[in-house]
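**Student:** Here's a sequence, model it:
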Amino acid sequence: MPRTLRDLRPVFVVGIGLHRYQRLSETPYVALGLAAIREALADAAVPWSAVESAYVGTALLGMAPGRPVLRHLGATGLAITQVENASASGSTAVRQAALEVGSGISDLSLALGVDKPPGRDLSLPRSDTGIRDLPGPFVPATHFALLAEAYLGRTGATPDQLAAVALKNHRNGAHNPYAQRQQERSLEEIRADPIAGVFTRLQCCPVGEGAAAVLVASEEAIEALGIDRRRAVRILSSVNRTERLYEAGDGADAALTTETMLDAHAQAGIRPEDLDVVELHDAFSIEELLYLDALELCEPGRAGAAIERGEFDIGGRCAVSASGGLLAMGHPIGPTGTGQVVEVTRQLRGEAGPRQQPDARYGLAHMVGIGAVCVVHVLEAPEAAG
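**Tutor:** Numbers count the residues shown, from 1 in each chain. So this is what the prediction gives:
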């Protein structure tokens, strides 16, 4: 039987940091990354010299951008590995850091996500959309607008329920100082300014710049470095899968999400109903409905109604995208998955302020990348880790 993260020695998130996600600016990517790393080091109260390895997740910066960032912290000889996995780059960096610490190769490892948009065309080639019978390239909004039209028609969900996803996430982002969009919106504002099909501008994520950092440690490092165990959040499972051939339905990403989630839950020893906080890949509002179904957090096809009832609000039965999600927090690509782990960690520590989900014990971070790749992490609060 293949071994999982749970079969290795325990792995904990001990430090988290972010540079606010924002529109393209004159700030060098090196400064973005350094801000996140320094915040994570201060959060864990550990020196840079204690970090033994670094995984740098980017999708837009080209060859080996990690070293220009990390050299400003000191030339310590640590191992640096570049990670590129499309939108799941940052999630994959966290996974690699966790596996390295779990295996005993290192005791303290850094996962950094950092990116700046290049200003190039981000449309998808036809082969990446899952739509085989239409000619030419498609921007992602067009692809997901077609999925939205099919989902609404099949389930009876309404355009207002679809817009309610963005309504909730913009409300959450308004309370997040790291979010690119920090303004609460009305349903009328959400429904204005159409982009493709039922989608409007505020139902599509902004692609900006930013950085996120996670420090992953063993119990030995926590003891040796005097890290506060009461703030150490355990990573119970880390799963990375790619798509197979699927029957027609809600698309490969949703089917892949279900498979990855089932693996992650089985490895963590929990059920979907145990989750208190979830950060998922909601680059377009329809994705939240598709993935709530795929994660088995509601009855199939009833995600829109559950959102309308407030079940996935902060304070509801499970807080979904309490950070604001990709729709409001933003989607700078490389940092996005790492930033999800930052948010889940903050929630499980009880340190999320006005965005805090009460009594959060288990959290899940879900990210999809073109390919299609899906990475899911399940984390456990310090009180539960005991």
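**Student:** mind checking how far Asn370 is from Pro68?
**Tutor:** Small correction: residue 370 is Ile, not Asn. To Pro68, Ile370 is 26 Å away according to C-beta to C-beta, to the nearest Å. C-beta: built from backbone N, CA, C; applies to glycine.
**Student:** For those two, work out which one has more neighbours and name it.
**Tutor:** Ile370 (16 against 13; other C-beta atoms under 10 Å).
**Student:** Next up, the contacts around the spatially closest residue to the more buried one that is not a sequence neighbour.
**Tutor:** In space, and not counting its chain neighbours, Ile370 is closest to Ala86: 4.3 Å by C-beta to C-beta, 6 or more residues apart in numbering. Applying C-beta atoms under 8 Å, 6 or more residues apart in numbering, we find Ala86 in contact with Ala59, Ile333, Gly369, Ile370, Gly371, Val373.
**Student:** what do you get if the cut-off is 10 Å, keeping everything else the same?
**Tutor:** For Ala86, the contact set (C-beta atoms under 10 Å, 6 or more residues apart in numbering) comprises Ala59, Thr92, Asp128, Ile333, Gly334, Met367, Val368, Gly369, Ile370, Gly371, Ala372, Val373.
**Student:** pLDDT, distance to Arg302 and secondary structure added to those residues, as TSV?
**Tutor:** Shown next, in TSV, are those (pLDDT from 0 to 100; distance: C-beta to C-beta, whole Å; DSSP: H, G, I helix; E, B strand; the rest coil):
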residue	pLDDT	distance to Arg302	secondary structure
Ala59	95	34	coil
Thr92	98	32	helix
Asp128	37	29	helix
Ile333	96	31	coil
Gly334	97	34	coil
Met367	97	24	strand
Val368	96	22	strand
Gly369	93	27	strand
Ile370	87	28	coil
Gly371	74	29	coil
Ala372	88	25	coil
Val373	95	28	strand
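**Student:** ok, how many other residues are close to Pro194?
**Tutor:** 12.
**Student:** Please name the bridge partners of it.
**Tutor:** Thr200 (DSSP bridges).
**Student:** How much space separates it from Gln347?
**Tutor:** Distance of Pro194 to Gln347, computed by C-beta to C-beta: 34 Å.
**Student:** any weak-confidence spans in the stretch 51-200 of the chain?
**Tutor:** Within the stretch 51-200 of the chain, the stretches with pLDDT under 70 are 119-138.
**Student:** Now do the strands in it.
**Tutor:** 53-57, 79-83, 108-115, 194-196, 199-200 (DSSP state E, counting those that start in this stretch).
**Student:** looking at the ones you listed, which is buried most?
**Tutor:** Highest mean neighbour count of those: strand 108-115, a mean of 31 (counted as mean count of other C-beta atoms under 10 Å).
**Student:** The stretch 201-350 of the chain: strands as residue ranges?
**Tutor:** Under DSSP E, counting those that start in this stretch, the stretch 201-350 of the chain gives strands at 209-217, 233-242, 277-279, 319-320.
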